[in-house]
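J.: My questions are about this predicted structure, shown below with the sequence.
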Number of protein chains: 2
Amino acid sequence: MNELKLPFGFRYAATYAGIRRDERDDVGLIAADRPANAAAVFTRNIVQAAPVQIARDHLQSSGGKISAILVNAGNANCATRTGEQVAMASCRAVAQHLKIRNESVLPASTGVIGVELPPHLLTNAVPTLVEALSPDGFESVARAILTTDTRMKTASEVLSFSDGTVTVAGMTKGSGMIQPNMATTLGFVMTDADLPVGFLRDTLTTGIAKSYNSLTVDGDTSTNDMVTLLASGAAPCKLRTKDKRKVGDAIGRVLQSLAKQIAADGEGATKVVEIEAIGFRSDDDARRIARAIANSPLVKTAVAGSDPNWGRILAAAGYSGASFNPDRIDISFQDVLVCRNGLAVELDEAALKTKLDSHEISIRIAQSGWGKGSARFFTCDFTEGYIRINGSYRT
Amino acid sequence: MNELKLPFGFRYAATYAGIRRDERDDVGLIAADRPANAAAVFTRNIVQAAPVQIARDHLQSSGGKISAILVNAGNANCATRTGEQVAMASCRAVAQHLKIRNESVLPASTGVIGVELPPHLLTNAVPTLVEALSPDGFESVARAILTTDTRMKTASEVLSFSDGTVTVAGMTKGSGMIQPNMATTLGFVMTDADLPVGFLRDTLTTGIAKSYNSLTVDGDTSTNDMVTLLASGAAPCKLRTKDKRKVGDAIGRVLQSLAKQIAADGEGATKVVEIEAIGFRSDDDARRIARAIANSPLVKTAVAGSDPNWGRILAAAGYSGASFNPDRIDISFQDVLVCRNGLAVELDEAALKTKLDSHEISIRIAQSGWGKGSARFFTCDFTEGYIRINGSYRT
């Protein structure tokens, strides 16, 4: 991992507001020096937390001009009597102390569902946060938003142009959010490029499809998921159309790095798994197959045990809903062909098992001579640690 | 569990054919004294094992007249070069020794996929099996078909009519077959009632929907799944239409008992969970919701930890694809209301946790005043044992 670079125009702060039981930072504030152009994507779950609803409203009513994000961990502020009041009050407190408009504040929450969040915990923390805002506070916020994550997840990229540099930096939280687990994902990406709201929206939509949505699946998301993209315009560069495209690509890479870090940090995970499906009738069919494999507990436990059990891969593809010819299927683990035309390949199983002890596992399923549909999915292995973490998360 | 009763007209035998590594019976034979009327349901996986394809063919070409079922554990006979030959040779051996037609033999297999099954292992075992056939061998077959199961699963029922009794008895295997795990399920149900093939087919279709398919889901099945229903007609009763209906109901109850035993014996499971969804727009919507809850690893780990985490239930319902009003949702664990109208209910959490230490857990999600759609699903909890079993099943 390269050293983290931060864009101009943003300040950050985190503190302990008393929401978590253990005393570590549980609330963070991201503030733009001047209203930033903004876009966001939200959960498609039918049950949506109050902060998600309010963030969507504020993004709309402000015309995509956002000055601050207030985020807390430890409580999802979802399915509670006072959810909306709590989120509104926290936005008002931020607006008051930063002397900005209510609707330029986005609230975000992650944590347990259905437990009332005492409103004063957030509002009381706001003065401390505003006081502490600093261009160097990025990582303190990146740490404050973590829940069952075992490590901080950040990524950045710097692009050089003739008149200066543009920086993109992002932070995310999520582990065990890998579908079908649907724990909350939050992602906050900032850039100092000067980019219009429409461009940010398109860039985020495209970038999410190839990153977060190749972990989770449209619709199969938690009540609180949210990824935002803010552009301060504080970089000294005047970007031409093709420069903007380069910045858009950099944003895509930052999103993909963040998503991969989530896969690698799946609850109890010891391995990150990349699943590639190629040669199917359509991208959609390939996606179904890659997703069914990524979601199969039998496949994920086999990966944990370094067992090249391709029968489970084939069977998962078989119930994915995609159509294919089983007699034309090749399956590889770590680029070692284990199944050709639906049948076992003779191989040195001990050597392959050793290769499967790696932290990065690749699985490829290909249909020969049938189509051009392809897809790529990320997941993690399934270990006993997953059960331990989730059996006792709340209590 | 009541004492097992067996129908007239069938004999059973099991032996060790050398397919499993450990020396316990791995092959079983069920033989009808005279050709029995038969129906069967098969996996909808696009990848189907050779014995499934041949059983389907034989059922069709024999016009539903079946004299024998040869079943093995330890090898699925799927995705191998010689699958069809092996299954055909084993049917031929049975036909020869029982002096019946090839197509009146149904083959069935369960075990690892993609490993060649040496044909002589099955054919060599046939003379021993035929020799050992006995009306009392039912449980020896029920034990021979088990794989990761921790216990034998059988059920029976006796119905009295004016001219005598009719008996229904079934055996099944499967654990961890609970969707999305898709390990193989086999089920063999026998009755001595005199019932036509069409009636058996209808009874099996209806019965499966309310039993096995409320564990797994249409299409999300393994490569080898198969449930058969044989009627010998050896009972002394002449059944009128309403008597037949009674026998059909008994068959349904036997299927449901077998399916519940599978749920209770999920790999590593310590609890069986019954999920009821009521008050939704349609049965289909209710089914989606019950299924999403049943399949959520977060819900299943919470149940293992006796944690009444209704937020995970609500969130799973929210991504199920069904539409509902979150503000009208009530959720109960063990008949204790924990969420009313989408909000937490004050309760004695310690007392509820104690109730959740039971082996039988009920979860109900209800929408008030919206619809009549309802569904019921069975599943099990998700423990560290599941991971242990599946991480090292093959190797």
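T.: Nice, thanks for sending it over.

J.: Would you map the helices across chain A?
T.: Along chain A, the stretches classed as helices by DSSP state H are A:50-61, A:83-98, A:119-132, A:138-144, A:197-209, A:241-264, A:283-295, A:297-304, A:310-318, A:349-355, A:384-391.

J.: Show me what counts as buried in the second one.
T.: Within helix A:83-98, the residues that count as buried by 16 or more other C-beta atoms under 10 Å in any protein chain shown are A:83, A:86, A:87, A:88, A:89, A:90, A:91, A:93, A:94, A:95, A:97, A:98. Backbone N, C-alpha and C define where each C-beta goes, glycine included.

J.: Same list, these, but as a markdown table with distance to residue B:173 please.
T.: Output for the buried residues of helix A:83-98, formatted as a markdown table (distance: C-beta to C-beta, whole Å):
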| residue | distance to residue B:173 |
| --- | --- |
| A:83 | 47 |
| A:86 | 52 |
| A:87 | 51 |
| A:88 | 56 |
| A:89 | 57 |
| A:90 | 55 |
| A:91 | 57 |
| A:93 | 61 |
| A:94 | 60 |
| A:95 | 63 |
| A:97 | 65 |
| A:98 | 64 |
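
J.: returning to that earlier point: looking at the helices of chain A, which is nearest to chain B?
T.: Among the helices of chain A, helix A:310-318 comes nearest to chain B, with 2.6 Å by C-beta to the nearest C-beta.

J.: With only the CA atoms kept, save stretch A:242-258 in CSV.
T.: Extracted C-alpha coordinates of stretch A:242-258, given in CSV (Å, rounded to 0.1, in the frame of the first residue of the first chain):
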residue,chain,number,x,y,z
LYS,A,242,-10.1,13.9,-21.1
ASP,A,243,-8.5,15.0,-17.8
LYS,A,244,-11.8,14.6,-16.1
ARG,A,245,-12.1,11.1,-17.5
LYS,A,246,-8.7,10.4,-16.0
VAL,A,247,-9.9,11.6,-12.6
GLY,A,248,-13.0,9.5,-13.1
ASP,A,249,-10.9,6.4,-13.7
ALA,A,250,-8.8,7.2,-10.6
ILE,A,251,-12.1,7.4,-8.6
GLY,A,252,-13.0,4.0,-10.0
ARG,A,253,-9.7,2.5,-8.9
VAL,A,254,-10.0,4.0,-5.4
LEU,A,255,-13.5,2.5,-5.1
GLN,A,256,-12.2,-0.9,-6.3
SER,A,257,-9.4,-0.8,-3.8
LEU,A,258,-11.8,0.0,-1.0
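
J.: quick one on the thing from earlier: looking at the helices of chain A, which is buried most?
T.: Mean neighbours per residue, mean count of other C-beta atoms under 10 Å in any protein chain shown, is largest over these for helix A:310-318, with a mean of 28.

J.: Give me the below-cutoff pLDDT ranges for chain A.
T.: For chain A, the stretches with pLDDT under 70 are A:1-2, A:176-183, A:216-220, A:267, A:384-395.

J.: Centroid-wise, who is the farthest residue in it?
T.: When each C-alpha in chain A is compared with the mean C-alpha position (C-alpha atoms, centre = their mean), residue A:346 comes out farthest, at 39.4 Å.

J.: From residue B:116, how far off is that one?
T.: Residue A:346 is 11 Å from residue B:116, where distance means C-beta to C-beta, to the nearest Å.

J.: likewise residue A:78?
T.: Residue A:78 sits 53 Å away from residue B:116, going by C-beta to C-beta.

J.: And the two? Which one has more around it.
T.: Under the neighbour definition other C-beta atoms under 10 Å in any protein chain shown, residue A:78 and residue B:116 were set side by side, and residue A:78 has more, 31 against 15.

J.: what residues are up against that one?
T.: Residues near residue A:78 by C-beta atoms under 8 Å, 6 or more residues apart in numbering or on different chains: A:47, A:48, A:49, A:50, A:109, A:113, A:114, A:223, A:224, B:311.

J.: What of residue A:200?
T.: Per C-beta under 8 Å, 6+ apart, neighbours of residue A:200: A:37, A:38, A:39, A:64, A:229, A:231.

J.: Smallest gap between the stretch 101-250 of chain A and chain B, at which residue?
T.: For the stretch 101-250 of chain A and chain B, the shortest gap (C-beta to the nearest C-beta) falls at residue A:113, measuring 2.6 Å.

J.: give the contact list for that residue.
T.: Residue A:113 neighbours (C-beta under 8 Å, 6+ apart): A:49, A:76, A:78, A:79, A:223, B:310, B:311, B:312, B:314, B:315.

J.: neighbours of the second one, just the number please.
T.: The criterion is other C-beta under 10 Å. On that basis, residue A:76 has 29 neighbouring residues.

J.: Please state the backbone phi and psi of it?
T.: Phi and psi for residue A:76, reported as degrees, to the nearest 10, are phi -80, psi -10.

J.: Identify the residues contacting the nearest residue to residue A:47 once chain neighbours are set aside.
T.: Counting by C-beta to C-beta, 6 or more residues apart in numbering or on different chains, residue B:318 is the residue found nearest to residue A:47 once chain neighbours are left out, at 3.5 Å. Residues in contact with residue B:318 (C-beta under 8 Å, 6+ apart) are A:45, A:46, A:47, A:223, B:326.
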